[in-house]
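**Student:** give me coordinates for this.
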Amino acid sequence: MQLPDPNQPPKRRFLGSIRSSFLTGLIVIAPIGITVWLIWSLTGWIDSWVLPFIPDAYNPAMLINRWTGIEINIRGIGVVTFLLFTIMVGWMAKGLIGRSMIRWAESLVLSIPLIRTLYSGLKQIAETILQQGQQNFDKACLVEYPRKGIWAIAFISTTAKGEIAARAPEDMVSVFLPTTPNPTSGFLLFIPKKDVIVLDMSVEDSAKLIISAGLVYPNSQDPTRPTEQLPDAAE
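**Tutor:** Numbers count the residues shown, from 1 in each chain. Down below sits the predicted model:
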């Protein structure tokens, strides 16, 4: 019986080194490449929506083509135009004339039955997410979902209010339970406050853990520390 050679052949060691170097380079390049690609794609998507509204006389790419005869695609013009337009609208909305125009436009929109429902819902969502000084999803937590004994990461939104708080048999909190790998979709759950375990990890670290399906695990500050109790008002 012939025993296998304990020494690995040089060719296999060379191939293993090449494979290891390739994987290491992929780990370095992939996040940078995907980030650049996402920014490039998002910029192009915004440009495709905004550029048709810019007159040719004020489009820098058109002006360069007219003066030099060189066709050039300046990516990001739409993004800059959108930012400037948004700032101008916000500045006008702070004035008396701007507020009057906005109230008149809203009254016109709210007079249309179907458009009224859509506009009111979108406006409420935008005000909730973008309102200055509002702290959304201040804490990450563990909740038992979809049944007892199975735990999922969720984000604390606020304490239950209105009819939900009045009809609930005990103190409730509303939490957003995101899905993997897309944390922008998920479920709104109302859970008894005593059943919510607040985590030390930040919302950003929790989002990384969710997006990576558990592969990227953030370091807790002190996992041996007693569990933090949920405050009376998680707002």
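**Student:** report how many residues lie close to the closest residue in space to residue 145 that isn't next to it in sequence.
**Tutor:** Setting aside the residues directly before and after it, residue 145 is nearest to residue 152 in space (C-beta to C-beta, 6 or more residues apart in numbering), at 4.5 Å. Bear in mind the C-beta positions are built from the backbone N, C-alpha and C, glycine included. Around residue 152 there are 19 other residues, counting by other C-beta atoms under 10 Å.
**Student:** any idea how far residue 152 lies from residue 140?
**Tutor:** Distance check for residue 152 against residue 140: by C-beta to C-beta, to the nearest Å, it reads 11 Å.
**Student:** residue 45 too?
**Tutor:** From residue 45 over to residue 140 the distance is 30 Å, taken as C-beta to C-beta.
**Student:** the more surrounded of those two?
**Tutor:** Applying other C-beta under 10 Å to residue 45 and residue 140 shows that residue 140 carries more neighbours, namely 23 against 12.
**Student:** pull the distance from the top helix by length along the chain to the chain's centre.
**Tutor:** Counting by DSSP state H, the longest helix found in the chain is helix 10-50. Computed by C-alpha atoms, centre = their mean, to the nearest Å, the separation of helix 10-50 from the middle of its chain amounts to 22 Å.
**Student:** ok, and what's touching the following helix or strand past it?
**Tutor:** Moving toward the C-terminus from helix 10-50, the next helix or strand (DSSP states H and E) is helix 60-68. With C-beta atoms under 8 Å, 6 or more residues apart in numbering as the test, helix 60-68 has contacts from 56-57, 70-74, 77.
**Student:** and the residue nearest the centre of the chain, backbone torsions?
**Tutor:** With distances taken as C-alpha atoms, centre = their mean, the residue of the chain nearest its centroid is residue 184 (6.1 Å). Note on residue 184: its backbone torsions stand at phi -80, psi -10 [degrees, to the nearest 10].
**Student:** quick one: residues contacting it.
**Tutor:** Residues near residue 184 by C-beta under 8 Å, 6+ apart: residue 178.
**Student:** need the pLDDT of the residue nearest to residue 145.
**Tutor:** On the pLDDT scale, residue 152 is placed at 93.
**Student:** hang on, it in a strand?
**Tutor:** Yes: assignment of residue 152 by DSSP: H, G, I helix; E, B strand; the rest coil places it within a strand.
**Student:** begin at 562, not 1, for the rest of this chat.
**Tutor:** Will do, 562 is the new start, and the previous item becomes residue 713.
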